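Engineer: this one's structure only:
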(Lines give C-alpha, C1' and ligand atoms only; values in the text may rest on other atoms or scores of the structure.)
Protein backbone atom coordinates (compact mmCIF):
# COMPACT_ATOMS: atom_id res chain seq x y z
CA UNK A 1 0.00 0.00 0.00
CA UNK A 2 2.48 2.59 1.12
CA UNK A 3 6.14 2.04 0.48
CA UNK A 4 8.37 4.47 2.29
CA UNK A 5 11.61 5.24 0.59
CA UNK A 6 13.19 7.11 3.44
CA UNK A 7 13.19 6.42 7.15
CA UNK A 8 13.75 3.29 9.16
CA UNK A 9 11.21 0.91 10.53
CA UNK A 10 11.14 0.66 14.34
CA UNK A 11 12.43 -2.64 15.62
CA UNK A 12 10.14 -4.95 17.55
CA UNK A 13 12.24 -4.34 20.65
CA UNK A 14 11.84 -0.57 20.30
CA UNK A 15 8.07 -0.91 19.85
CA UNK A 16 7.83 -3.21 22.89
CA UNK A 17 9.92 -0.76 24.93
CA UNK A 18 7.76 2.15 23.84
CA UNK A 19 4.52 0.36 24.73
CA UNK A 20 5.95 -0.91 28.03
CA UNK A 21 7.23 2.54 28.94
CA UNK A 22 3.86 4.11 28.12
CA UNK A 23 2.04 1.54 30.27
CA UNK A 24 4.36 2.08 33.25
CA UNK A 25 4.06 5.84 32.83
CA UNK A 26 0.27 5.54 32.67
CA UNK A 27 0.21 3.43 35.83
CA UNK A 28 2.13 6.06 37.80
CA UNK A 29 0.13 8.94 36.29
CA UNK A 30 -3.10 7.16 37.16
CA UNK A 31 -2.07 7.21 40.80
CA UNK A 32 -1.88 10.99 41.05
CA UNK A 33 -4.76 13.19 42.11
CA UNK A 34 -6.23 16.03 40.02
CA UNK A 35 -5.33 19.61 40.87
CA UNK A 36 -1.89 18.51 42.08
CA UNK A 37 1.53 19.41 40.70
CA UNK A 38 2.55 15.77 40.01
CA UNK A 39 -0.56 15.24 37.87
CA UNK A 40 0.02 18.51 36.02
CA UNK A 41 3.58 17.43 35.25
CA UNK A 42 2.51 13.90 34.26
CA UNK A 43 0.03 15.31 31.72
CA UNK A 44 2.26 18.18 30.57
CA UNK A 45 5.19 15.96 29.52
CA UNK A 46 3.24 14.03 26.83
CA UNK A 47 1.61 17.30 25.71
CA UNK A 48 5.00 18.92 25.15
CA UNK A 49 6.30 15.83 23.32
CA UNK A 50 3.17 15.75 21.13
CA UNK A 51 3.53 19.44 20.29
CA UNK A 52 7.13 18.92 19.20
CA UNK A 53 6.11 15.92 17.09
CA UNK A 54 3.17 17.81 15.58
CA UNK A 55 5.37 20.76 14.63
CA UNK A 56 8.36 18.84 13.34
CA UNK A 57 6.75 15.93 11.58
CA UNK A 58 7.67 15.75 7.97
CA UNK A 59 5.65 13.94 5.36
CA UNK A 60 7.55 10.83 4.26
CA UNK A 61 8.44 10.42 0.64
CA UNK A 62 6.16 7.58 -0.20
CA UNK A 63 5.08 5.59 -3.17
CA UNK A 64 1.46 4.76 -2.60
CA UNK A 65 0.64 1.57 -4.43
CA UNK A 66 -2.93 1.32 -3.21
CA UNK A 67 -5.59 1.78 -5.86
CA UNK A 68 -7.19 5.19 -5.40
CA UNK A 69 -10.64 3.61 -5.19
CA UNK A 70 -9.61 1.39 -2.27
CA UNK A 71 -7.93 4.29 -0.54
CA UNK A 72 -11.01 6.47 -0.81
CA UNK A 73 -13.24 3.63 0.34
CA UNK A 74 -11.07 3.01 3.38
CA UNK A 75 -10.93 6.66 4.32
CA UNK A 76 -14.72 6.93 3.92
CA UNK A 77 -15.32 3.93 6.19
CA UNK A 78 -13.00 5.27 8.90
CA UNK A 79 -14.58 8.72 8.66
CA UNK A 80 -18.04 7.14 8.77
CA UNK A 81 -17.21 5.23 11.95
CA UNK A 82 -15.96 8.39 13.68
CA UNK A 83 -19.01 10.33 12.47
CA UNK A 84 -21.26 7.57 13.80
CA UNK A 85 -19.53 7.67 17.20
CA UNK A 86 -19.86 11.47 17.32
CA UNK A 87 -23.54 11.29 16.34
CA UNK A 88 -24.25 8.63 18.97
CA UNK A 89 -22.49 10.74 21.60
CA UNK A 90 -24.54 13.81 20.62
CA UNK A 91 -27.80 11.84 20.76
CA UNK A 92 -26.90 10.64 24.26
CA UNK A 93 -25.80 14.14 25.29
CA UNK A 94 -29.08 15.76 24.27
CA UNK A 95 -31.22 13.00 25.76
CA UNK A 96 -32.31 12.93 29.37
CA UNK A 97 -32.26 11.64 32.02
CA UNK A 98 -28.49 11.19 32.02
CA UNK A 99 -28.70 7.80 33.76
CA UNK A 100 -30.67 6.38 30.84
CA UNK A 101 -28.48 8.06 28.24
CA UNK A 102 -24.85 7.91 29.47
CA UNK A 103 -22.32 9.91 27.46
CA UNK A 104 -18.68 8.95 26.97
CA UNK A 105 -17.77 11.23 29.90
CA UNK A 106 -20.08 9.28 32.20
CA UNK A 107 -18.68 5.97 30.95
CA UNK A 108 -15.07 7.09 31.43
CA UNK A 109 -15.93 8.46 34.88
CA UNK A 110 -17.06 5.04 36.02
CA UNK A 111 -13.98 3.39 34.50
CA UNK A 112 -11.71 6.02 36.08
CA UNK A 113 -13.05 5.49 39.58
CA UNK A 114 -10.23 2.97 40.17
CA UNK A 115 -6.46 3.28 39.76
CA UNK A 116 -6.22 0.60 37.02
CA UNK A 117 -9.12 2.25 35.21
CA UNK A 118 -7.42 5.67 35.32
CA UNK A 119 -4.19 4.08 34.10
CA UNK A 120 -6.08 2.44 31.24
CA UNK A 121 -7.72 5.69 30.15
CA UNK A 122 -4.36 7.51 30.46
CA UNK A 123 -2.74 4.83 28.26
CA UNK A 124 -5.55 5.19 25.70
CA UNK A 125 -5.03 8.96 25.72
CA UNK A 126 -1.30 8.45 25.06
CA UNK A 127 -2.14 5.96 22.28
CA UNK A 128 -4.46 8.50 20.67
CA UNK A 129 -1.68 11.08 20.78
CA UNK A 130 0.73 8.60 19.20
CA UNK A 131 -1.82 7.88 16.47
CA UNK A 132 -2.18 11.58 15.71
CA UNK A 133 1.39 12.83 16.00
CA UNK A 134 3.84 9.94 15.70
CA UNK A 135 6.33 10.08 12.88
CA UNK A 136 5.29 7.97 9.92
CA UNK A 137 6.94 4.55 10.07
CA UNK A 138 8.84 3.14 7.17
CA UNK A 139 6.38 0.57 5.89
CA UNK A 140 6.46 -1.69 2.94
CA UNK A 141 3.10 -3.00 1.98
CA UNK B 1 -34.19 -3.33 26.34
CA UNK B 2 -33.78 -0.14 28.38
CA UNK B 3 -32.49 3.15 26.96
CA UNK B 4 -29.36 2.77 29.09
CA UNK B 5 -28.59 -0.67 27.67
CA UNK B 6 -29.30 0.58 24.16
CA UNK B 7 -26.88 3.49 24.61
CA UNK B 8 -24.12 1.19 25.88
CA UNK B 9 -24.85 -1.29 23.08
CA UNK B 10 -24.55 1.49 20.48
CA UNK B 11 -21.11 2.55 21.72
CA UNK B 12 -20.00 -1.08 21.94
CA UNK B 13 -21.22 -1.77 18.42
CA UNK B 14 -19.35 1.22 16.98
CA UNK B 15 -16.12 0.31 18.81
CA UNK B 16 -16.54 -3.32 17.75
CA UNK B 17 -17.05 -2.30 14.13
CA UNK B 18 -13.89 -0.20 14.34
CA UNK B 19 -11.89 -3.10 15.74
CA UNK B 20 -13.21 -5.52 13.10
CA UNK B 21 -12.50 -3.07 10.27
CA UNK B 22 -9.05 -2.39 11.75
CA UNK B 23 -8.23 -6.10 11.69
CA UNK B 24 -9.54 -6.37 8.12
CA UNK B 25 -7.35 -3.48 6.94
CA UNK B 26 -4.26 -4.94 8.60
CA UNK B 27 -4.84 -8.37 7.09
CA UNK B 28 -6.04 -7.42 3.61
CA UNK B 29 -3.36 -4.80 2.94
CA UNK B 30 -5.55 -3.38 0.20
CA UNK B 31 -7.37 -0.87 2.41
CA UNK B 32 -5.76 1.89 4.52
CA UNK B 33 -5.28 1.10 8.19
CA UNK B 34 -6.36 3.58 10.85
CA UNK B 35 -2.75 4.77 11.13
CA UNK B 36 -2.50 5.37 7.38
CA UNK B 37 -5.86 7.13 7.29
CA UNK B 38 -4.81 9.31 10.21
CA UNK B 39 -1.48 10.16 8.58
CA UNK B 40 -3.29 11.19 5.41
CA UNK B 41 -5.69 13.30 7.46
CA UNK B 42 -2.92 14.96 9.47
CA UNK B 43 -0.73 15.78 6.50
CA UNK B 44 -1.02 19.54 7.00
CA UNK B 45 0.32 21.44 9.99
CA UNK B 46 -2.99 23.26 10.53
CA UNK B 47 -4.90 19.99 10.99
CA UNK B 48 -2.21 18.64 13.32
CA UNK B 49 -2.37 21.79 15.45
CA UNK B 50 -6.16 21.66 15.73
CA UNK B 51 -5.97 17.98 16.68
CA UNK B 52 -3.21 18.76 19.16
CA UNK B 53 -5.36 21.39 20.90
CA UNK B 54 -8.28 18.98 21.15
CA UNK B 55 -6.11 16.13 22.39
CA UNK B 56 -4.30 18.31 24.95
CA UNK B 57 -7.60 19.71 26.21
CA UNK B 58 -8.97 16.17 26.58
CA UNK B 59 -6.01 15.06 28.69
CA UNK B 60 -6.12 18.16 30.85
CA UNK B 61 -9.89 17.86 31.26
CA UNK B 62 -9.79 14.18 32.19
CA UNK B 63 -6.73 14.04 34.44
CA UNK B 64 -5.72 17.46 35.73
CA UNK B 65 -9.07 19.13 36.19
CA UNK B 66 -10.55 15.79 37.07
CA UNK B 67 -14.12 14.85 36.39
CA UNK B 68 -16.46 12.77 38.50
CA UNK B 69 -14.00 9.93 38.24
CA UNK B 70 -11.83 11.01 41.13
CA UNK B 71 -14.62 11.34 43.68
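Structural biologist: Cool, got the structure. Small disclaimer: the values here were computed from a predicted structure and weren't measured. Residues are numbered from 1 along each chain as shown, chains lettered A, B, ... in the order given.
Engineer: CA atoms for contacts and neighbours, from now on please.
Structural biologist: Noted.
Engineer: List the contacts of the one helix or strand residue A:124 maps to.
Structural biologist: If you go by DSSP states H and E, residue A:124 is part of helix A:115-133. The contact list for helix A:115-133, computed with Cα atoms under 8 Å, 6 or more residues apart in numbering or on different chains, reads A:22-23, A:26-31, A:46, A:50, A:53-54, A:57, A:108, A:111-112, B:35, B:38-39, B:42, B:48, B:51-52, B:55, B:59.
Engineer: mind redoing it with 7 Å?
Structural biologist: With contact meaning Cα atoms under 7 Å, 6 or more residues apart in numbering or on different chains, helix A:115-133 is reached by A:22-23, A:26-27, A:29-31, A:50, A:53-54, A:111-112, B:35, B:38, B:55, B:59.
Engineer: in the helix ranked longest in chain B, what's buried?
Structural biologist: As assigned by DSSP state H, the longest helix anywhere in chain B is helix B:3-28. For helix B:3-28, the neighbour count (16 or more other Cα atoms under 10 Å in any protein chain shown) marks B:4, B:7-8, B:10-11, B:14, B:18, B:21-22, B:25 as buried.
Engineer: picking up where we left off before, for the helix holding residue A:124, what is the distance to the chain centroid?
Structural biologist: From the chain centre to the centre of helix A:115-133 is a distance of 6 Å (Cα atoms, centre = their mean, to the nearest Å).
Engineer: Also stretch A:36-49?
Structural biologist: On Cα atoms, centre = their mean, the centre of stretch A:36-49 falls 17 Å from that of its chain.
Engineer: follow-up on the earlier one: pLDDT and distance to chain A added to the buried residues of helix B:3-28, as CSV?
Structural biologist: CSV is the format used below for those (pLDDT from 0 to 100; distance: Cα to the nearest Cα, whole Å):
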residue, pLDDT, distance to chain A
B:4, 92, 4
B:7, 95, 6
B:8, 94, 8
B:10, 95, 7
B:11, 95, 7
B:14, 97, 6
B:18, 96, 7
B:21, 96, 8
B:22, 95, 9
B:25, 93, 8
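Engineer: of all these, which comes closest to residue B:31?
Structural biologist: Distances from residue B:31 to these, taken as Cα to Cα, are shortest for residue B:25 (5.2 Å).
Engineer: Tell me which residues touch the closest one, please.
Structural biologist: B:31-33.
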